[in-house]
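Peer 1: Just need the structure, nothing else, for what follows:
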Amino acid sequence: MPSDDLVLGDIDGSFVTDTIFEVWPSANGFTLNEKSVSSPIVKRFPLGEDTDVEDVEESARFVAVNAHGTRCGFIDVVFEVWNRRVVIADLELSPQYRRRGLGRELVGLAANYGRELNARTLWLEVTNINAPAIRAYLRMGFKFCGLDTSLYRGTASEGEVAVFMSRNLPG
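Peer 2: Numbering: from 1, shown residues only. Now for the predicted structure:
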């Protein structure tokens, strides 16, 4: 309810902690190590800060078409205002057009789109069993930045792990 939004926006979501979990990325994963801090950390969020999933400013689709006018693939992207991130929501290529640089070109269009919006990063999610895509994203400069072991629970992809990857977008 809209009236609830006004009241809920006044809730103080701040926290205080005397320990943190250090995250150490490695070539193929992460290590979490709980560590005490010398003085407590206080984290405050601005009251009424809008970080809803609906906080989307822009979205776009780029379609690849061959010389004969046949659609070969596409990329869907969404610009998230709150963290200035371009999310690659979907990237699909017809099998006969894979491994020809078309994916790289589509990701390049997404990167240019992000730069126009002053985005700071490209971000995507890919299933751990899509090794060809993961290798391609690594070649395009993406790095592993997280995973979710429960994202696909209850779906046709049950048992797979969501791997998150990102790539900085320098000005």
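Peer 1: Surely Ala60 touches Val77?
Peer 2: Yes - under the criterion of Cβ atoms under 8 Å, Ala60 lies in contact with Val77, with a separation of 5.4 Å. Placement of C-beta: from N, CA and C, glycine included.
Peer 1: residues near Phe62, how many?
Peer 2: By the measure other Cβ atoms under 10 Å, the count of residues near Phe62 is 18.
Peer 1: How about the one 3 residues further on?
Peer 2: Other residues near Val65 number 11, with proximity taken as other Cβ under 10 Å.
Peer 1: bridging residues for it?
Peer 2: According to DSSP bridges, the partner residues bridging Val65 are Arg71.
Peer 1: close enough to count as contact, it and Cys72?
Peer 2: Yes - in this structure, Val65 is within contact of Cys72 by Cβ under 8 Å, at 6.6 Å.
Peer 1: helix, strand or coil for Glu105?
Peer 2: Assigned by DSSP: H, G, I helix; E, B strand; the rest coil, the conformation of Glu105 is helix.
Peer 1: for Val42, same thing?
Peer 2: Judged by three-state DSSP, the three-state class of Val42 is strand.
Peer 1: just to confirm, which helix or strand has the residue nearest to the spatial centre of the chain in it?
Peer 2: With distances taken as Cα atoms, centre = their mean, the residue of the chain nearest its centroid is Trp123 (3.2 Å). Trp123 belongs to strand 121-127 when elements are defined using DSSP states H and E.
Peer 1: Quick one: list the elements packing against the next helix-or-strand element following that strand.
Peer 2: Past strand 121-127, heading to the C-terminal end, the next element that is a helix or strand (DSSP H and E) is helix 131-139. If contacts are counted by 3 or more Cβ pairs under 8 Å, 6 or more residues apart in numbering; DSSP states H and E, helix 131-139 sits against strand 121-127, strand 162-168.
Peer 1: rerun that using 7 Å as the cut-off
Peer 2: When contacts are defined as 3 or more Cβ pairs under 7 Å, 6 or more residues apart in numbering; DSSP states H and E, helix 131-139 packs onto strand 121-127.
Peer 1: burial measure for Gly103, as a count.
Peer 2: 23.
Peer 1: ok now do it, which residues does it touch?
Peer 2: Residues counted as contacts of Gly103 (Cβ atoms under 7 Å, 6 or more residues apart in numbering) are 91, 93, 136.
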